[in-house]
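Undergrad: Give me a model of this one.
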Amino acid sequence: RIYFSSHAPATLKDFCWWSGLSMTEARHAHEQVKQDFVSEKIGEEIYWMPSSLKEQTKTSVHFLPAFDEFIISYKDRSACIASEHQAIAFTSNGIFRPVFLIDGQGAGIWNRTTKKDIVQIEATYFKKTPNPSKQLLETEALSYGRFLSKKVEFYHV
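TA: Here you go, the predicted structure:
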């Protein structure tokens, strides 16, 4: 229950990979809690999530650090980062870069440079991004700066 509540949407394969359980053990555990979740079939995979996650309609933007569990907790990461962008977000030998999300989807990578009173944030998009999302990303960068008690210089690439 905790895994699917905190890692949703996720598949049984993701749960097996994360927990180390066999598929038989994972299915047995999942049977005991699946009534607490809703599912959605995407392609050949069935993703499980709390119903509150499926109902989200507001655009969201988040900066994730390198090695964030949102990305590394899945065997197949194509639900959060399109296959064609994965080589930019993480290397085949396990180096994960900081990613930013727009509506739960990896939209690019980012980095920061912290100076005395300023944090410089550079966001590099995987593909062309609509202006409203860019404005939300800028707002998130300013929020991050407030958290650090620093002014923000934000750059879109």
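
Undergrad: before we move on, what SS does the residue lying closest to Lys75 once chain neighbours are set aside have?
TA: The shortest distance from Lys75 to any non-neighbouring residue, by Cβ to Cβ, 6 or more residues apart in numbering, is to Trp17 (3.8 Å). C-beta here means a position set from N, CA and C on the backbone, and glycine is covered the same way. Here Trp17 is recorded as helix under DSSP: H, G, I helix; E, B strand; the rest coil.

Undergrad: For His7, see how far away Trp17 is.
TA: With distances taken as Cβ to Cβ, to the nearest Å, Trp17 is found 11 Å from His7.

Undergrad: what residues are shared contacts of these two?
TA: Among the neighbours of Trp17, those also in contact with His7 (Cβ atoms under 8 Å, 6 or more residues apart in numbering) are Tyr74.

Undergrad: can you tell me the helix or strand for the most centrally placed residue in the chain?
TA: Nearest to the geometric centre of the chain sits Phe70, at 4.5 Å (Cα atoms, centre = their mean). Per DSSP states H and E, Phe70 falls inside helix 69-72.

Undergrad: can you list contacts of that helix?
TA: 7, 64, 77, 80-81, 89-90, 96, 99, 101, 106.

Undergrad: Take these and keep only those in strands.
TA: 99, 101, 106 (DSSP state E).

Undergrad: Please identify, among these, the one with the most neighbours.
TA: Val99 (26 neighbours; other Cβ atoms under 10 Å).

Undergrad: Return the residues in contact with that residue.
TA: Counting by Cβ under 8 Å, 6+ apart, Val99 has contacts 64, 68, 71, 81, 89, 106-110.

Undergrad: which one in the residues you listed is the model shakiest on?
TA: Across the set of the contacts of Val99, Ile71 stands lowest in pLDDT, at 83.

Undergrad: burial count for that one?
TA: Around Ile71 there are 20 residues (other Cβ under 10 Å).

Undergrad: Over to Tyr3?
TA: Neighbours around Tyr3, by other Cβ under 10 Å: 18.
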